Structures are given as C-alpha cells and as structure tokens.
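[1] model the structure of this input:
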Amino acid sequence: MTCRLCLFLAAVAAIFGATFAVPATAHENLPIVVSLQERAPGQFTLGHRLPGNIDPGKGPETTLAAPCRKQAQSATSTLYACPPEYRPEAIEFAWPGGMPSSSLLVRTAYLNGQEHSQVGPLPEGPLPLPETESAGKVLSDYFVIGLEHILFGLDHLLFLACLVIISGTARRTVVTVTGFTLGHALTITLASLGLVHMNSGATEVLIALSIVFLAAEIVRGRRDTLAWRHPAVVATIFGLLHGMGFAGALAEIGLAQTAIALSLVGFNLGVEAGQMVFVCAIFAAVALWRRRATDSTGGAPAGRPVQLVAAYGVGILSGYWVWERGLGLMA
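    Below you'll find the predicted structure:
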C-alpha cells in the first residue's frame, strides 16, 4: 500500500507542479559569500559568489577604497593593486540591482596565513574588516549559518514535521530528533572533511523521497511498521542522507580553515537549535489548537483528519520536488 500511495502522491505532484511554480531546490537560503584574498604583496583579489536563489543582477558591487586601484575585472571578481605591506581596512558595498533578501559571509585570507570570516546582514556602504578572529566569533558565525539554514530549509522542516507526527509524544520526539541530529552531524563532518562524497543532485532527490516515504507512512497509519515502532532508527538513517544535503550547503560557504572544528561545531549546534525551535513551535501550536477545539466543542478534537490533511499536503509537495529534482538530475 505504501508504494501505491507514493505513486499516487507522485502523480498528483506532477499535476501540482505543472500548475504552480514551486522551487525544486527547497533550501537555497545560503548567504552571499564575499572573499578578499592577498595574491602577492600589495595584490588583492576581491570577489563574490551568489547562492542559487539570487538573480545575478541582484549581486553586490564591491570595491576597495584608495590607495588601492583596480587592475583587472571580471563578472564576479576584481584584481586590485595596493601599496606594499598595505592591508585593506574595509570593503565598500553597493547594490545597483536592489538589495536581495539574504545574509553575508565575508572571508579574508592573507599571505602570512591569517584567515578571517564574519557573518552579518547585507551592508550598505563600507564594511570594516576584522584585524583578528576569535574562536567565539567563528563559533557564533557558523551557529547563525546553521540556524538560518534549517529554519529556511523547507524540505528539512517538512521531514521534521512528519517525524513529530509519527513520534506522537514529546519524549519520543526528543529521542527521534536526537537520532536525526546524530545522523546528519556524522555525515556533515565526514563530508566536510572530504571523507565521504555523494552527487548533490542525487542527494536532493533522495531527501525529497524520504519526505514522501514518511508522508505515506502517516497516511497508511499502520503502527506495526519500523517507522512507527522505532522512529528514532528511521530518523537516524535518513539523518545520514540529510546530512549530505547540509554538507553540500556548507561546502558552498566554506569552513574557516584556521578553525575547521569550531566551524563544524557551530554549524551543527545552529542546526540543532533550529530543529528544537521548530519542534517546540509545532507542540505549542498543537496544544493551542486542542485547547481551542475543546473549548468550542466540549470534547477532545479529532487529530487523525488533521494528520491526513497535513500528510497529503506534505506528500504532494515533496513528490513534486522528487519529480522536478529528478528531471534536473537527468538533464
């Protein structure tokens, strides 16, 4: 029956996707990355990289102020000549195409081996560059990146919502989400260190399929399957897969090379914090709904119809992601 449900959801998803434009990449919420690299004494390359959800016309116009002067320029980077031993104090930002909805990660690298990074909102005008970088700053910067990534990653959030429904109680949910965390933390670390690798397109398809699987399990409602009896086991297994997706996003951003361990710890803590915020929000919303439903009807609300509506909605959307990401993989 699960296979028939998956096929049904996939068919509806194809119709849904042909009618509505739903992004295939559900978690392209990465920051704009600006890099300043010292190539030789007095020579700096200033460039930027945009996440996939931002139009190239919305990219920043970045410059180094005098005494530095432009030597060469391409679409995404500029070579500057500065006085010997000079270190730029700030990067000038302008947004001729309008400021997009995103955050900023600035990375600087110098010939003496020093590397700095800073995360923050998009600036207008000069952004001062740090002279030093503390461990706490690296930890907090990557914590913010991990937090934003999970809270704006719709596919991961829908997977978590399905886990909450299947887990049922708060205690089982905590154990299940912890299993998911352990799974993705392991693959984030291994992939970021270059020890494991998986095609990013295939990873995105499988992540969407994992959501379809859980949605189908909820619709079936059979409590004797592995997903219902041991949700923590299923969450841990799928967590390994979702971790490859997180690692792909982290690879686009890059780790602070002088503090790789702190970068990974900060990112994982941010993801975990975001997960707990989302799960707590679900429990709070359910508690509020039950209270209001009980007050208005005088009896306990029927939760199963709500679960079915939610599961079909999640299944259709994630089925569409499977369909479109699969087409992108084959293209």
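[2] ok, now how distant is the nearest residue to Pro121 once chain neighbours are set aside from His149?
    Take Pro121 and drop its neighbours on the chain: the residue closest to it by C-beta to C-beta, 6 or more residues apart in numbering is Ser103, 6.2 Å away. (Each C-beta comes from the backbone N, C-alpha and C, glycine too.) Using C-beta to C-beta, to the nearest Å, Ser103 is found at 10 Å from His149.
[3] for Leu193, same thing?
    Note on Leu193: its distance to His149, by C-beta to C-beta, is 19 Å.
[4] more neighbours, the two?
    Between Leu193 and His149, counted using other C-beta atoms under 10 Å, His149 has the larger neighbour count: 23 against 13.
[5] buried set for the longest strand along the chain?
    Using DSSP state E to define each element, the chain has its longest strand at strand 32-40. Neighbour counts using 16 or more other C-beta atoms under 10 Å place 32-38 of strand 32-40 among the buried residues.
[6] between those residues, which sits nearest Thr178?
    Distance to Thr178 across these (C-beta to C-beta) is lowest for Val33, with 31.2 Å.
[7] may I have the residues that are in contact with the closest one?
    Neighbouring residues of Val33 by C-beta atoms under 8 Å, 6 or more residues apart in numbering: 48-49, 105-107, 252-254.
[8] repeat the analysis, applying 10 Å as the threshold.
    47-51, 104-107, 117, 252-254 (C-beta atoms under 10 Å, 6 or more residues apart in numbering).
[9] and Asn112, how many residues sit next to it?
    Asn112, neighbours per other C-beta under 10 Å, totals 7.
[10] and it, which of the three is it?
    coil (DSSP: H, G, I helix; E, B strand; the rest coil).
[11] can you check Leu127 too?
    Quick answer, by three-state DSSP: Leu127 is strand.
[12] now the strands for the protein?
    32-40, 43-49, 61-63, 69-73, 77-81, 90-94, 103-109, 115-121, 125-128.
[13] compare those and give me the one nearest Ala227.
    Of those, nearest to Ala227 by C-beta to C-beta is strand 103-109, at 35.3 Å.
[14] can I get the buried residues of strand 32-40 in TSV with distance to Gly239?
    Below are the buried residues of strand 32-40 laid out as TSV (distance: C-beta to C-beta, whole Å):
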residue	distance to Gly239
Ile32	28
Val33	26
Val34	32
Ser35	31
Leu36	36
Gln37	35
Glu38	40
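[15] so can I have JSON lines of the residues you listed showing pLDDT and distance to Pro305?
    Formatted as JSON lines, those follow (pLDDT from 0 to 100; distance: C-beta to C-beta, whole Å):
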{"residue": "Ile32", "pLDDT": "90", "distance to Pro305": "43"}
{"residue": "Val33", "pLDDT": "90", "distance to Pro305": "45"}
{"residue": "Val34", "pLDDT": "93", "distance to Pro305": "49"}
{"residue": "Ser35", "pLDDT": "93", "distance to Pro305": "52"}
{"residue": "Leu36", "pLDDT": "94", "distance to Pro305": "56"}
{"residue": "Gln37", "pLDDT": "94", "distance to Pro305": "57"}
{"residue": "Glu38", "pLDDT": "94", "distance to Pro305": "62"}
